[in-house]
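> need a 3D model of the sequence below.
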Amino acid sequence: MSDLFAVAGLETTAPHPLADRLRPKTLAEVVGQDHLVGPEGALTRRIASGSLGSLIFWGPPGTGKTTVARLLAHETNFAFVQVSAIFSGVAELKKLFEEARGRRAIGQGTLLFVDEIHRFNRAQQDSFLPVMEDGAITLIGATTENPSFELNAALLSRASVLTFRALDEEAIEKVLSRAETHEARPLPLEPAARAAMIRMADGDGRAALTLAEEVWRAASPGEIFGAEQLAEIVQRRAPIYDKAQEGHYNLISALHKAVRGSDPDASLYYLARMFDAGEDPLFLARRVVRMATEDIGLADPQALVIANAAKDAYDFLGSPEGELAIAQAVIYLATAPKSNAAYVAYQRAMRLAKEHGSLMPPKIILNAPTKLMKSEGYGSGYAYDHDEPDAFSGQDYWPEALGRQKLYAPTARGFERDLRERLAYWAKLRKAREQEP
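Sure, this is the predicted structure:
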């Protein structure tokens with residue numbers, strides 16, 4: 001039906017989104033991807049060599065993946081076929097593969113562009129392998145997700161991954177300037193509002209053009225919008241962030257490492273990014289508790305107390321007031337002395353427990369509720385520490401087959417400095433008592 005409309009000339013008069021009307025006609029018009037389509041770009045070199053090869057385009061939305069795939073087909077004289085992994089099944093793929101083999105028989109290659117390729121399951125991804133190997137198709141798959149996690153190793157081994165970058169402010173400005181030229185009118189925005197809209201686009205060229213259309217629709221003749229009016233008009237596009245995907249893990253990793261690195265400002269920034277993107281505050285509160293135990297530990301025992309208190313405060317207050325308690329905890333943790341000594345000691349203890357099995361504790365620290373157990377020496381010779389000088393007996397509590405081990409090594413930072421001195425004092429007492437006749 002769409003072909004009939006095109007023949008009748010109706011398709012050209014139908015309304016098209018600005019992003020579609022401004023789609024680049026040549027690779028040189030693609031902005032923000034010079035590392036791929038510039039004079040020395042990876043794709044430019046492949047085209048010059050005459051060997052394109054199968055490719056995976058990985059990058060955020062609105063960075064030109066689909067456009068570049070279409071232009072590559074033109075540059076190479078391939079037949080361009082586009083499918084979406086959301087709507088296509090194995091039966092449709094098999095039909096496309098047979099058509100591609102028919103083209104190859106008459107000397108024409110097929111460039112098959114698969115949008116959202118990560119949405120295909122393992123069996124569907126495997127179906128591409130034979131036609132990639134025999135040359136019936138040159139595959140270009142586009143994905144916003146990390147190919148290392150979402151695509152089969154067999155498929156990745158037969159394709160090169162090319163990364164599309166989010167458009168920087170300069171590239172977004174070029175996109176908007178091109179739109180103004182095409183529309184023969186400037187955007188009715190004050191400089192601060194224009195800068196705000198560029199930030200709202202969040203590196204997405206298509207989003208920038210959609211925002212521009214909204215602004216033009218909303219403006220009365222002669223009206224110029226400020227930043228606050230712009231926010232009301234476009235209702236601010238949400239940042240690119242999928243709580244189940246890579247953006248989520250990137251930001252929580254950045255937050256954790258900023259806290260560990262004692263940078264409260266960067267920590268607050270990444271916390272705010274996640275709040276702004278709609279992350280569950282309780283998820284963040286749980287991660288803050290983990291940071292308190294993993295990276296601060298006993299260097300500041302209050303860190304865990306404050307982290308738990310922040311979680312309880314959020315439970316009590318809810319949003320948006322409760323987020324401040326989590327932010328306060330993040331600042332406290334970022335500025336606290338750091339130690340992973342407890343974390344390391346726990347890992348050593350777990351490793352020791354797994355390696356040495358069910359070793360019996362020494363009998364002196366075992367209870368003897370029966371006469372038989374007493375006769376076997378259970379509890380014999382146990383020294384009650386509170387009755388000893390300094391409330392310290394210095395007894396050996398380790399299994400005899402294992403001997404005394406050193407697991408916890410406190411740092412010289414924060415409260416652990418006191419623990420270090422205390423343990424050193426006890427070690428001195430223990431050594432002295434072991435030498436007593």
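
> distance check, Gln235 against Leu209.
In this structure, Gln235 and Leu209 are 17 Å apart, going by Cβ to Cβ, to the nearest Å. (C-beta placed from N, C-alpha, C; glycine too.)

> which one of these two has more residues nearby?
Neighbour tally, Gln235 and Leu209, criterion other Cβ atoms under 10 Å: the higher count belongs to Leu209, 25 against 8.

> what mean pLDDT does stretch 116-123 have?
Averaged across stretch 116-123, pLDDT comes to 87.

> any idea how far it is from the chain center?
Using Cα atoms, centre = their mean, to the nearest Å, the mean C-alpha position of stretch 116-123 is found 20 Å from that of the whole chain.

> which residues belonging to that stretch are considered buried?
Neighbour counts using 16 or more other Cβ atoms under 10 Å place Glu116, Ile117, His118, Arg119, Phe120 of stretch 116-123 among the buried residues.

> hmm, who's touching it?
Identification of contacts with stretch 116-123 by Cβ atoms under 8 Å, 6 or more residues apart in numbering yields 56, 84-86, 90, 114, 125, 141-145, 147, 150-152.

> mind showing which ranges of this structure have poor pLDDT?
For the chain, residues meeting the criterion pLDDT under 70 lie at 1-15, 236-246, 437.

> run through the strands of it in chain order.
In order along the chain, the chain carries the following strands (DSSP state E): 55-58, 79-84, 110-115, 138-143, 160-163.

> dump those strands into JSON lines; add distance to Gly297 and mean neighbour count as well.
Below are the strands of the chain laid out as JSON lines (distance: least, Cβ to Cβ, whole Å; neighbours: other Cβ atoms under 10 Å):
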{"stretch": "strand 55-58", "distance to Gly297": "38", "mean neighbour count": "24"}
{"stretch": "strand 79-84", "distance to Gly297": "49", "mean neighbour count": "16"}
{"stretch": "strand 110-115", "distance to Gly297": "47", "mean neighbour count": "24"}
{"stretch": "strand 138-143", "distance to Gly297": "40", "mean neighbour count": "24"}
{"stretch": "strand 160-163", "distance to Gly297": "38", "mean neighbour count": "15"}
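
> Ser49: which of those is closest?
Counting by Cβ to Cβ, Ser49 lies closest to strand 160-163 out of the strands of the chain; the figure is 12.8 Å.

> tell me what that closest one is packed against?
Counting contacts by 3 or more Cβ pairs under 8 Å, 6 or more residues apart in numbering; DSSP states H and E, the secondary-structure elements packed against strand 160-163 are strand 55-58.

> please name the residues that touch the nearest residue to Ile198 once chain neighbours are set aside.
The spatial neighbour of Ile198 that comes closest, neighbours along the chain excluded (Cβ to Cβ, 6 or more residues apart in numbering), is Ile172 at 4.7 Å. With contact taken as Cβ under 8 Å, 6+ apart, Ile172 is in contact with Ile198, Ala201, Gly203, Gly205, Ala208.

> I'd like the distance between the first one and Pro188.
Spelled out, it's Ile198. In this structure, Ile198 and Pro188 are separated by 15 Å, where distance is defined by Cβ to Cβ.

> Lys338: which of the buried residues of stretch 116-123 is nearest?
His118 (37.5 Å).

> hmm, back to that, could you work out the most separated pair of the contacts of Ile172?
Between any two of those, the greatest separation by Cβ to Cβ is 10.9 Å, found for Ile198 and Gly205.

> lovely, talk soon.
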